[in-house]
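> below are the sequence and a predicted model for it; my questions follow.
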Amino acid sequence: MNDTICAISTALGVGAISIIRVSGDEAISKVAKIFDGKNLLEVESHTIHYGHIVSDNEIIDEVLVTVLKAPKTYTKEDIVEINSHGGIATTKKVLEILIANGIRLADKGEFTKRAFLNGRIDLSQAEAVNSLIKSHTDLERKLALNTLSGKVSAKIRNVRQIIVELLANIEVNIDFPEYEDALEITLENLPPKLKEIKGELENLLEESKIGTIIENGIKVAIIGRPNVGKSSILNALLNKNKAIVTDIAGTTRDIVEGEIEIKGIALKFIDTAGIRKTEDLVEKIGVDKSLEMITESDLVILVLNNNEELTEEDKDLLLKIKDKTHIIFVNKNDLPTKLKLDEKEVVFGNTVSLDGLDDLKNKIVELFDLEQIESSNLDVVSSAREIGLIKESLESINNALNNVNKLLPVDMIAIDIKKAWDLLGEITGESYAEELLDTLFSEFCLGK
Amino acid sequence: MYDLIVVGGGHAGCEAAHIAGVLGLKTALVTANKKNIADMPCNPSIGGTAKGIIVREIDALGGIMGKVADRTHFQIKMLNNGKGPAVRSLRAQADKVTYPKVMLEHLYNTPNLEIIEGMVEDLIVNNNKVEGVILNSGKKISSKAVILTTGTYLKANILIGSENTPGGPHGEERSNNLSDNLKKLGLDVQRLKTGTPPRIKKDSIDFSKMEEECGDNEYYTFSFDNPPFYKINEQQKCYLLYTNAKTHEIINNNLEKSAMYGGYVTGIGPRYCPSIEDKIVRFKDKERHQLFLEPESIYYDEWYLQGFSTSMPRDIQEQMVHSLSGLENAIITKYAYAIEYDALNPLEMKPSLENKIIENLFTAGQINGTSGYEEAAAQGLIAGINAHHKLKDLEPLILHRDEAYIGVLIDDLVTKGTKEPYRMLTSRAEFRLILRHDNADLRLREIGYNHHTIDEERYRLLKEKEAQINEVKNILRNNNLKLNEETKEIFTKKGLEIPTYSTSLYMLLKRPEMNMETLKELIPLDYKKEILEEVEIEVKYEGYIAKVYKEAEKMKKLEEKQIPKDIDYDDILNLASEARQKLKSIRPISIGQATRISGVNPSDIAILTVYLKKKYDK
């Protein structure tokens, strides 16, 4: 059933070496046909060989070829990896030759799908592989590897165990009503048990926030009235001149993104258009977008000028970010102070001498407890699917608690508890839901 | 030449023979001893948790167990009455003398049915198709189909201590060769074990030292057709007593003398019905275990000591019984024993209960690895119906897991198999909230009607009931609570909080403190109790019921994904070898069934689904 598939498994255009992976029954024989070097059909498994890719007697590329024979491979099928050195064009050419030789281009996520289908990895691990591929920082990589090792699965299994013990007790009460062997689960003693489960689930979700930060980074929106120096701050932080900086108010119209890493966490900066009440239609789109970015960001940096009093607009912005994690950056501290401010998280500095930028970074580390994240053991839940299922599971437990208050019978409430148990089982692949596979695998990037 | 031969006159055999006769098959029921028809060799009760619901389902589908139990019990109880409606279940103490008598009467009155005495020792099989049976006398009886309901009689051994006597329950003759002959035909035979407690002479029991267990003061029946007619005040009492430190000491000191612990037993016993020595070994910390004393019949004075099943030798049994409070001077009329017997592997059956290897051969009851009168009767009924359908070229009756406990029972047997005697439990039914005691007729009578086991008159009554349920619901929907002095007084009188705003009576009923009794005072509702009860349950638990139906829908979708009968599992690459082997032997009819096979993992299902898509969806 499984034909042989191939794909470039390193990011295109990045790095000196590109790897083309071939997997399937004919992987070795097909690559052997276009490889000028040792006879790949006769080499040992897990060995690497020097040679050339040849097509129509023409040398296409100088390569190293790794031969990995089933079943000890990523997909549990025969795999050949071609390390190509020739840049994008050559790599693509090699791929085309493979396809011309009857090897199919892999679908999105197909290598991992095969690894999963062939029993090499479980669902939770499959998702982690996807994160691993997408990971940019070392911490992200560490998180993905942790999931792979099944630590998260173990945590979830632990909660499932607590739930299943409660369920079993309820079932015994029902099936053997006249026997006194088991504690009778009643509307009175059920809530403490449900609250224990609720607590466990909330812990998982709380921890998952760390996971989300590691995986997705912290989205930072720098806001402020036009021309307070937002772009200058961003450029100073990114250390490059990406946004257009002028003295004319309202010239930064596009959302410009830039990324830096602090303590292993990606900070994704969004330079919003200057916020100013405006009639200009084009600029208004930018302003709307800015307000939207406040909602979307994890952290807002509001820039104010030291030499000006608070305007109505500033006050409006302060109000808007009240419930958001935020830092006030007071720019132009080299100019006389006119600003009166009653705020907690304030950093002073100026973009001319780059004063205060380190303070700003330190403030971010402090607010997000990044030191702690860096040193924590990182066995936390992070994928959106897993978090979604845990949330649903928590909702079921909340339903159960609700229905205890409505005095519904215990055996009905057991339906909610059972549901919570099933949902957690979906994370570890212990309950079967069909849509799951399709959703999951369409999430994977091409290649691994 | 018969259409059908039913081998065995136990609870499975009776239902099978009865329904086959009703459906018009020329049927012979072959039993070793007419006197043992519908015998109850173990507990003197019909029903119990989950099992009581099965009896209701049997009745809803046209079976007779419920009707016979209704006429012959001397105590009846609604179990789990204090819990939710989904888990309520009836249990009756059935009289061991009258139950078989009344059952035999039913069989005598069944059209097209003949009862033959004889011991079946072999089948007539040609080209893997059954064509009749051979008795131990050598006599051959031919038929188009055969249902085996041999109970615990296949190569049975009775074990008491180190004694091992070939024979069935009650010292009856066992079938010596049938299971070997089935093995020769290629069927897989396994050895199972069960047991029964001692019986005590009534006069020798000091009941004053025990707690009374009485029946309910409300009329209940298993059958949807019988009006209740038992004398509610003349129900017999049962009694509760406990083991004590002395009992435990006697057992611990003599463990190796029991057949179980002495290593004399090869069969596998049920976990949910352990012997008393098992309970004491496995739960060392428990200071006492509950026991019940139940009368077997009002026509003789033997009492059944429930919870005290054992395979100890007789002298130890004497000591054990005499250590119990109130049984110091008890006379044991029958000693407890363990029984080992041959059973078939239920994985070799189709969901219709027809054997996969031998055509037109059906099996039901303990031969399929189950335990319990009710589980047996349910299979007998389905086997009888499906033997008829097979001969008449009709689609078999296969009940699904969201339709009946019977569906759960058979699906479990043919999908998961069993290594110990299988007993039905409510926890086996994932959709139990919609498989209730009260709605068995609403679930199944129409199915019975479509399969010709429910007649026009009973069908008309069902439709009438359904219409009345809807009427009542509409009345409640269309009438609001009137907040006047009169209604306020009703609430006050009942000690209920007076609602602060008006709402429909339908919404009012959803409140925890509300019930139909109160509603009847607010609006005239001149309907039978069962109608009002049904409405109350459906309205009160509407939210949960809807949830369960939704879950059931999900399962149905997987159930609808049929797996072609001719699928070649060897053609599917990458299936885990355990999954491949299981799929090959069980041959599930749908993806839904495949997901329930243990050892078949989600990834195997994914591979199977992908394969089916590629191969058949072009």
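Nice, thanks for sending it over.

> state the helix or strand in which A:H52 lies.
Under the criterion of DSSP states H and E, A:H52 resides in strand A:47-55.

> okay, the nearest residue to B:K482 once chain neighbours are set aside and chain A: tell me how far apart.
Of all residues not flanking B:K482 in the chain, B:S502 sits nearest, at 7.1 Å (C-beta to C-beta, 6 or more residues apart in numbering or on different chains). C-beta: built from backbone N, CA, C; applies to glycine. Between B:S502 and chain A the computed distance is 21 Å (C-beta to the nearest C-beta, to the nearest Å).

> equivalent analysis for B:D225, please.
27 Å.

> list the residues that contact that residue.
B:D59, B:K67, B:R458 (C-beta atoms under 8 Å, 6 or more residues apart in numbering or on different chains).

> and B:D570, by the same measure?
B:R580, B:K584.

> tell me the secondary structure for it?
helix (DSSP: H, G, I helix; E, B strand; the rest coil).

> so how far is chain A from it?
Distance from B:D570 to chain A, by C-beta to the nearest C-beta: 12 Å.

> please name every helix or strand in contact with the helix or strand harbouring A:L302.
Secondary structure from DSSP H and E places A:L302 in strand A:299-305. Using 3 or more C-beta pairs under 8 Å, 6 or more residues apart in numbering or on different chains; DSSP states H and E as the contact test, the elements touching strand A:299-305 are strand A:218-223, helix A:230-238, helix A:312-320, strand A:326-331, helix A:357-367.

> quick check: mean pLDDT across the fourth one?
I take that to be strand A:326-331. In this model, strand A:326-331 has a mean pLDDT of 89.

> ok, and what's touching that strand?
In contact with strand A:326-331 (C-beta under 8 Å, 6+ apart) are residues A:222, A:228-229, A:233, A:299-306, A:339, A:341, A:343, A:345-351, A:356, A:360, A:363-364, A:367.

> cutoff 7 Å now
With C-beta atoms under 7 Å, 6 or more residues apart in numbering or on different chains as the test, strand A:326-331 has contacts from A:228-229, A:233, A:299-306, A:339, A:341, A:343, A:345-351, A:360, A:363.

> give me every residue in the stretch 201-350 of chain B lying close to chain A.
Within reach of chain A by C-beta under 7 Å from any C-beta of the partner chain, the stretch 201-350 of chain B has these residues: B:Q290.

> try it again at 8 Å.
Taking C-beta under 8 Å from any C-beta of the partner chain, the part of the stretch 201-350 of chain B that reaches chain A is made up of B:F283, B:K286, B:Q290, B:F292.

> make a ChimeraX selection of the buried ones in those.
For the buried members of those, the matching ChimeraX selection, counting by 16 or more other C-beta atoms under 10 Å in any protein chain shown, is:
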select /B:292
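
> list just the nearest of the residues of the stretch 201-350 of chain B next to chain A to B:L104.
B:L104 lies nearest to B:F292 out of these, by C-beta to C-beta, at 28.3 Å.

> tell me the secondary structure for the closest one?
strand.

> pLDDT value on it, please?
So B:F292 comes in at 94 (pLDDT).

> is it bridged to anything, and to what?
B:L240, B:Q306 (DSSP bridges).

> residue contacts, it?
A:E178, B:E213, B:C238, B:Y239, B:L240, B:L241, B:L305, B:Q306, B:G307.

> now the third one, nearest residue through space, not along the chain?
Spatial nearest neighbour of B:C238, chain neighbours left out: B:E213 (4.2 Å); criterion: C-beta to C-beta, 6+ apart.

> so that neighbour sits against B:Q236, correct?
No: contact criterion C-beta atoms under 8 Å: B:E213 and B:Q236 do not qualify, at 10.1 Å.

> poorly predicted segments of the stretch 351-500 of chain B, please.
By pLDDT under 70, the stretch 351-500 of chain B has no low-scoring segment.

> any idea how far the residue of it found nearest chain A lies from B:K584?
Residue of the stretch 351-500 of chain B nearest chain A, by C-beta to the nearest C-beta: B:S427 (3.9 Å). The gap separating B:S427 from B:K584 is 30 Å, by C-beta to C-beta, to the nearest Å.

> and what of B:E513?
From B:E513 to B:K584 the distance is 57 Å (C-beta to C-beta).

> can I get the helices and strands packed on strand A:299-305 in a markdown table including mean neighbour count?
Below are the helices and strands packed on strand A:299-305 laid out as a markdown table (neighbours: other C-beta atoms under 10 Å in any protein chain shown):
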| stretch | mean neighbour count |
| --- | --- |
| strand A:218-223 | 24 |
| helix A:230-238 | 22 |
| helix A:312-320 | 15 |
| strand A:326-331 | 24 |
| helix A:357-367 | 16 |
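
> to A:I413, which of those lies closest?
strand A:218-223 (40.0 Å).

> now for A:H49, how many residues are close by?
By other C-beta atoms under 10 Å in any protein chain shown, the residues close to A:H49 number 16.

> hmm, it is touching A:G37, no?
Yes: under the criterion of C-beta under 8 Å, A:H49 makes contact with A:G37 at 5.5 Å.

> what is in contact with those two at once?
In contact with both A:H49 and A:G37: A:V65, using C-beta under 8 Å, 6+ apart.

> could I get the contacts of B:D225 as TSV with secondary structure, neighbour count and distance to B:H451?
Output for the contacts of B:D225, formatted as TSV (DSSP: H, G, I helix; E, B strand; the rest coil; neighbours: other C-beta atoms under 10 Å in any protein chain shown; distance: C-beta to C-beta, whole Å):
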residue	secondary structure	neighbour count	distance to B:H451
B:D59	helix	27	15
B:K67	helix	21	19
B:R458	helix	17	13
